[in-house]
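# one predicted model, sequence on top.
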Amino acid sequence: MAIYNPDIPLTFVHIPKTAGSSVSNWLKMHTNSTDFYPKSFGSKHWESRKVLKHMRSRRLNPGIVVVVVRNPWDRLVSTWAYYLRREKSWCPENFRDFVLNTSWGNAKRLQTSFFTPSETIVLRFENLKQDFKQIQELCNCNEPLPWVNTSQHDAYTSMYDEEMIEEVRRRASADVVKLGYEYGNTLP
């Protein structure tokens with residue numbers, strides 16, 4: 001899903017498990033923003049290139065593109081907790097099994113596949129309160145960002161062993177490299 005504000009213009013692209021619901025709700029509550037979700041997309045999480053192509057075909061100016069990214073190891077814990085809460089039959093209760101023996105659900109899609117860094121304002125989940133001030137300034141609204149759809153889980157650093165850490169590094173290598181994340185670091 002994308003959230004579109006024609007006044008600025010601004011397009012928010014929602015990457016799964018990166019506080020996208022919080023940002024989307026804030027934009028819809030405090031600005032002239034609406035869901036941009038063509039039924040032909042088939043999912044609510046689509047890459048900016050697809051969203052922007054569709055917007056331009058409708059003669060909409062997408063304007064500033066915004067995404068939120070998250071440490072891949074932390075994002076995977078949040079994804080697992082989300083699926084457990086929703087009682088997905090394919091999701092193992094053991095996090096190690098989830099990391100090593102499943103496709104990871106929505107987290108298998110790399111965050112870097114959702115946007116082109118040179119054309120996007122990239123906010124970091126780990127510093128979202130501070131980073132989000134850019135959006136508040138663009139929207140001329142200082143209302144705080146609420147947290148919604150949060151997953152309850154232990155700190156991600158308490159949930160991995162070396163094999164799991166390396167599996168995430170291997171499978172999410174583009175995110176690790178391009179976004180500058182490392183295991184255990186809160187910010188690059």
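Arrived safely, thanks for sending.

# ranges for the helices of the protein?
For the chain, the helices identified by DSSP state H occupy 20-30, 48-57, 72-85, 95-101, 128-131, 133-139, 162-171, 173-179, in order along the chain.

# what's in contact with the second one?
Helix 48-57 has contacts (C-beta atoms under 8 Å, 6 or more residues apart in numbering) with 2, 4, 11, 13, 36, 38, 41, 61-62, 65, 67, 114-116, 119-120. (Each C-beta comes from the backbone N, C-alpha and C, glycine too.)

# identify each buried residue in that helix, please.
Buried residues in helix 48-57, defined by neighbour count with 16 or more other C-beta atoms under 10 Å: S48, V51, L52, H54, M55.

# hmm, back to that, among the contacts of helix 48-57, name the buried ones.
Among the contacts of helix 48-57, those classed as buried by neighbour count (16+ other C-beta under 10 Å) are A2, Y4, T11, V13, F36, P38, P62, V65, V67, F114, F115, T120.

# show me those that map onto strands.
Assignment to strands by DSSP state E places the following of the buried ones among the contacts of helix 48-57 there: A2, Y4, T11, V13, F36, V65, V67, T120.

# turn those residues into a markdown table, including pLDDT.
Formatted as a markdown table, the entries for these read as follows, by pLDDT from 0 to 100:
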| residue | pLDDT |
| --- | --- |
| A2 | 89 |
| Y4 | 93 |
| T11 | 93 |
| V13 | 93 |
| F36 | 83 |
| V65 | 94 |
| V67 | 96 |
| T120 | 91 |
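
# I'd like the distance between the residue lying farthest from the centre of the chain and V13.
Here the chain has its C-alpha centre computed as a mean, and the residue farthest from that point, by C-alpha atoms, centre = their mean, is R59 with 26.2 Å. Separation of R59 from V13 (C-beta to C-beta, to the nearest Å): 19 Å.
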